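Colleague: sequence and predicted structure, then a few things I'm wondering about:
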Amino acid sequence: MDKGCSCCKNKNKADDIKRVSPILNISDITGGWKARWNIGRLKYTVKPGLYKIGDPLGDSEVFVTANYKMSFDRLRKNLKGINAWILVLETFGINVWCAAGKGTFGTDELVNRINKAGLKNMISHQRLIVPQLGAPGIAAHEVKKRSGFNVIYGPVRAVDIPGFLKNGLKKDPEMRKVTFTFLERLVLTPVEFVKAIKFFPIIVLILFLINKISGNSMPGPFYRDLLIYFGAFVSGTVLFPILLPFLPFRSFALKGWQLGIVYSVITNLIFYGSALGNPAGLFIIPVLVSFLSYNFTGSSTYTSLSGVEKELKLSLPLYGFSILSGIIVLLIKTFQG
Amino acid sequence: MGKKYLKNVAQLKLDPDKCTGCGICVVVCPHEVFRLEGNKAVIINRDFCMECGACGRNCSFGALDVRAGVGCASAIIKGKIKGTEPDCGCSQGPGCC
C-alpha cells in the first residue's frame, strides 16, 4: 500500500519518543531520598516533553505532569501495566501543586507543550488527564479554546490513577480530597529541618556573645544553651509537623508557641531544676519554635494566603514583645551577677 | 483538631446568578468547599477554603471570585520585605521552595 500514509509516519514519530519504565531503579529511589533531604532538590528534574510508558497507541490516555523528577517518578510508578503517554511540562523542578500556584504549571505552558510535542499527530482523541492539583494554574476551558484538547482532572494522588481509569475517568470523592496524614507530614520534616538549621550559626554566635558578656568562663553553659536551642529547632521543624493535628488551636503560630512553652519548661526542669529556672529562655524559645511552626504553613496542605497573613499580623507584635522581655530578663540577670 | 485552618478568613465569593451548575468547582476543589444543590453550586465549607484559586480559574462563567495565592509564610514575608505580592520567587526559574 501507500508507504507515505499518515499512520506509518505517526508510527515512526512515535518510535522516536523516549520510553520510560514504570519500575523505579535504585538511583530513582536514592534520588528521591536525597530530594527529601534538600540535596540538589531544585535540580532534580526531567526534560520537559512527551514520553511513553508501555506501548501507547493513538487511543491511549495522555497524563500531564511537572518536571520535578519526584512528580514524574510518582506518576510512572503508578502506571504499571498501563500503556500511556506522559506529557511533562517545564515547571523548573517544582512539583505540580506549587507550580500551578505560581502559574508555571499553567494554561500557556500546557498549550505550548502540546504543540511542541506534536501531540495531535500522536493521538486520535482529544483527552488530557491533568492532575487535579494542577487546576490552580490551568483553565480547562481556555485549553479547549486554544488547543482543542479537553482537560480531564484526574485524582489528587497518582496512586488512585488505576482506580480512576477503571471508573471510566470518574473520581470518587476520596480521590478529590487533599489529606495531610502522619506519613505525609513526616516525609516533609527533613527538608524543614535542613532548611532551618542553616540559620543555627547565627544562634551559635549570639549565644557565644551572651556567654562572653555575662562572663561565663566555663564552656558548660554555652554548650548547654547550644543543645537547648538545637532542640528548639528540632521541635519547630520535626515535632511540630508530627504533632500538628493534636496541638490545640488552629493558628500555626499559636500551636507552635504552646509547643515552645512546653519544650522550654521541660528543658528548664532538666537543666535548671525548676520550670522557671531560665526565664529568659521561656520568653525567647517559644518565639523561635512558633516562628518555625508558622513557617510550616508553606508546606501544609490547607493553609490560605489570607489566613497566613492574618497570623503574621497577630504574631509579629507578640514576637517582638516576647523577645524584648527575654532580653530585659537576661540583662537583669547578667547585671545582678 | 484536624485540618481546619482559621475561621472566616478565606476570601471566596460565589455568584449564584452566574453559576450554571456545571460542577467544575466541585471537581477541582481539594477541600470539599462546594456541593451541587439542584442546578447550582453552593459553598458548604467556606472555612476549608485554602484560596488555591482552582475553582476561580476553571469557572468559565465568572461565577467565582477567589483571592488566589499561596498560604506560605516565607512567601508572604519575602513579599513584605520586597514590597511585592507574596511570592516564593521561583516562577521564572529555579531557586526557591
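Modeller: Thanks, I have the structure now.

Colleague: and the strands in the chain?
Modeller: Using chain A here. Per DSSP state E, chain A carries strands over the ranges A:19-20, A:49-53, A:61-66, A:84-89, A:127-131, A:150-154.

Colleague: my question was about chain B
Modeller: B:12-14, B:34-37, B:40-43, B:64-66.

Colleague: elements contacting the second one?
Modeller: If you count contacts as 3 or more CB pairs under 8 Å, 6 or more residues apart in numbering or on different chains; DSSP states H and E, strand B:34-37 packs onto helix B:24-28, strand B:40-43. To be clear about C-beta, it is placed using only N, CA and C from the backbone, and glycine gets the same treatment.

Colleague: what's it in contact with?
Modeller: Applying CB atoms under 8 Å, 6 or more residues apart in numbering or on different chains, the contact partners of strand B:34-37 are B:14, B:21, B:23, B:25-26, B:41-44, B:55.

Colleague: try the last one
Modeller: Among residues not part of strand B:64-66, those counted as contacts by CB under 8 Å, 6+ apart are B:11-15, B:25, B:49, B:51, B:53, B:55-56.

Colleague: please list only the buried members of those residues.
Modeller: For the contacts of strand B:64-66, a burial check counting by 16 or more other CB atoms under 10 Å in any protein chain shown picks out B:12, B:14, B:25, B:49, B:51, B:53, B:55-56.

Colleague: quick one on the thing from earlier: okay if I get the helices and strands packed on strand B:34-37 as TSV plus mean pLDDT and distance to chain A?
Modeller: Listed next are the helices and strands packed on strand B:34-37 as TSV, based on pLDDT from 0 to 100; distance: least, CB to the nearest CB, whole Å:
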stretch	mean pLDDT	distance to chain A
helix B:24-28	97	4
strand B:40-43	96	14
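
Colleague: next, format these as a markdown table and append distance to A:Phe233.
Modeller: As requested, those are exported to a markdown table (distance: least, CB to CB, whole Å):
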| stretch | distance to A:Phe233 |
| --- | --- |
| helix B:24-28 | 37 |
| strand B:40-43 | 40 |
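
Colleague: which helix in chain B runs the most residues?
Modeller: helix B:73-82 (DSSP state H).

Colleague: that helix: how far from the chain's middle?
Modeller: 19 Å (CA atoms, centre = their mean, to the nearest Å).

Colleague: need the residues of the stretch 201-337 of chain A near chain B, please.
Modeller: Proximity of the stretch 201-337 of chain A to chain B is confined to A:245-246, A:250-252, A:294-298, A:300-312 under the rule CB under 8 Å from any CB of the partner chain.

Colleague: give me the buried subset of those residues.
Modeller: A:250-252, A:294-298, A:300-309, A:311-312.

Colleague: which strand residues bridge the residue nearest to B:Val27 when sequence neighbours are not counted?
Modeller: Distances taken as CB to CB, 6 or more residues apart in numbering or on different chains place A:Tyr153 nearest to B:Val27, at 5.4 Å, with adjacent residues excluded. With DSSP bridges as the criterion, A:Tyr153 is bridged to A:Val130.

Colleague: ok, A:Phe233 to chain B distance?
Modeller: 16 Å (CB to the nearest CB, to the nearest Å).

Colleague: quick one, what contacts that residue?
Modeller: A:Phe233 neighbours (CB under 8 Å, 6+ apart): A:193, A:196-197, A:200, A:288, A:292.

Colleague: what's the answer for A:Ile23, then?
Modeller: Counting by CB under 8 Å, 6+ apart, A:Ile23 has contacts A:77, A:80.

Colleague: separation between it and A:Asn78?
Modeller: Remark: distance between A:Ile23 and A:Asn78 (CB to CB, to the nearest Å) = 12 Å.

Colleague: just the C-alphas of stretch A:213-226, formatted as CSV.
Modeller: This file holds the C-alpha atoms of stretch A:213-226, laid out as CSV (Å, rounded to 0.1, in the frame of the first residue of the first chain):
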residue,chain,number,x,y,z
ILE,A,213,29.3,39.2,78.1
SER,A,214,27.9,37.5,81.2
GLY,A,215,31.4,36.4,82.0
ASN,A,216,30.9,32.7,81.9
SER,A,217,34.4,31.4,81.9
MET,A,218,33.2,27.7,81.7
PRO,A,219,32.2,26.3,78.3
GLY,A,220,29.5,24.3,80.1
PRO,A,221,26.7,26.9,80.0
PHE,A,222,27.5,27.7,76.3
TYR,A,223,27.2,24.0,75.3
ARG,A,224,24.0,23.6,77.4
ASP,A,225,22.4,26.6,75.6
LEU,A,226,23.5,25.3,72.2
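
Colleague: outside of it, which residues touch it?
Modeller: Under CB under 8 Å, 6+ apart, the answer for stretch A:213-226 is A:203-204, A:207-208, A:210-211, A:271, A:333-334.

Colleague: restricted to helices, list the residues of the stretch 201-337 of chain A next to chain B.
Modeller: Going by DSSP H, the helices hold A:252, A:294-295, A:305-312 from those.

Colleague: what is the most widely separated pair among those?
Modeller: A:Asn295 and A:Ser306 (17.5 Å; CB to CB).

Colleague: which residues touch the closest residue to B:Asp15 other than its chain neighbours?
Modeller: Spatial nearest neighbour of B:Asp15, chain neighbours left out: B:Ala63 (4.8 Å); criterion: CB to CB, 6+ apart. The contact partners of B:Ala63, taken as CB under 8 Å, 6+ apart, are B:14-20, B:41.

Colleague: dump those residues to JSON lines, plus distance to A:Leu57.
Modeller: Below are the contacts of B:Ala63 laid out as JSON lines (distance: CB to CB, whole Å):
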{"residue": "B:Leu14", "distance to A:Leu57": "42"}
{"residue": "B:Asp15", "distance to A:Leu57": "44"}
{"residue": "B:Pro16", "distance to A:Leu57": "44"}
{"residue": "B:Asp17", "distance to A:Leu57": "45"}
{"residue": "B:Lys18", "distance to A:Leu57": "41"}
{"residue": "B:Cys19", "distance to A:Leu57": "39"}
{"residue": "B:Thr20", "distance to A:Leu57": "36"}
{"residue": "B:Ala41", "distance to A:Leu57": "37"}
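
Colleague: highest neighbour count among the residues you listed?
Modeller: Compared across the contacts of B:Ala63, B:Ala41 has the highest neighbour count, 26 neighbours, by other CB atoms under 10 Å in any protein chain shown.
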